[in-house]
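[1] Sequence first, then the predicted structure:
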Amino acid sequence: MANQTTSESGSLIPLDTITHTIYLIRGQKVLLDADLAGLYKIETRKLLQSVKRNRERFPDDFMFQLTKQEFNDLRSQIVTSSWGGRRYPPFAFTEQGVAMLSGVLRSQRAIQVNIEIMRAFVQLRRLLASNAGLSRKLIQLEQKYDAQFKIVFDAIRELMKPPDPRQRPIGFAPWKDDK
């Protein structure tokens with residue numbers, strides 16, 4: 001890997017770069033074809049050609065195409081679109097679909113990029129699990145202590161609530177207007 005640069009952490013691609021390309025679509029964390037092609041440093045059409053040649057490896061729970069409405073909603077949320085004048089909605093790849101890509105693309109970079117993407121998905125799962133663990137511990141504490149701490153527990157619960165869907169989310173979920 002002589003011509004591939006690594007970040008300060010030793011990664012081929014900074015984790016932040018990957019996590020900013022993960023979207024929540026149809027209740028699944030996905031990466032879009034153009035973002036993946038950028039990470040792999042190949043053209044989007046070449047990525048999709050490889051996928052089409054190996055379509056049997058990508059069932060609907062590994063990869064799906066966004067509807068025109070999903071694509072328009074997503075595009076309206078991203079100020080600087082890297083998609084240019086696409087004629088069709090992009091494909092979204094789930095974690096399993098991304099893992100399958102390393103075998104289809106057969107390049108050293110694809111393998112290394114997929115390792116970094118898998119690490120990003122693991123980090124997201126850990127964040128979600130730690131929030132669930134925190135919630136369980138809070139319930140245990142509430143049961144243990146009396147009403148004098150109710151205000152404290154209520155304040156913590158308020159901080160743990162998911163954001164109001166009418167507000168712009170922060171993090172890995174794309175913004176979606178409810179019309």
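    The structure has been received and is ready for your questions. Numbers count the residues shown, from 1 in each chain.

[2] remind me, longest helix of the chain?
    helix 108-144 (DSSP state H).

[3] so how far is whichever helix or strand comes after it off the chain centroid?
    As assigned by DSSP states H and E, the chain's next helix or strand after helix 108-144 is helix 150-160. Counting by C-alpha atoms, centre = their mean, to the nearest Å, helix 150-160 is centred 29 Å from the centre of its parent chain.

[4] quick revisit: can you state the direction angle for the longest helix of the chain and helix 150-160?
    Helix 108-144 runs at 160 degrees relative to helix 150-160, counting by axes from the mean of the first three to the mean of the last three C-alpha atoms, to 10 degrees.

[5] buried set for helix 108-144?
    Neighbour counts over helix 108-144 (16 or more other C-beta atoms under 10 Å) mark 109, 110, 112, 113, 114, 116, 117, 120, 121, 124, 142 as buried. Bear in mind the C-beta positions are built from the backbone N, C-alpha and C, glycine included.

[6] Looking at these, which one is closest to residue 61?
    residue 121 (14.9 Å; C-beta to C-beta).

[7] Name the nearest residue to the closest one, ignoring sequence neighbours.
    Leaving aside its chain neighbours, residue 121 sits nearest to residue 95 (4.9 Å; criterion: C-beta to C-beta, 6 or more residues apart in numbering).

[8] Endpoint to endpoint, stretch 61-77 covers what distance?
    25 Å (C-alpha to C-alpha, to the nearest Å).

[9] got the buried residues for that stretch?
    For stretch 61-77, by 16+ other C-beta under 10 Å, it's 62, 63, 64, 66, 70, 71, 73, 74.

[10] what about the closest residue to the first one other than its chain neighbours, neighbour count?
    Think residue 62. Once flanking residues are discounted, residue 62 sits nearest to residue 97: 3.6 Å by C-beta to C-beta, 6+ apart. Neighbour count of residue 97, defined by other C-beta atoms under 10 Å: 24.
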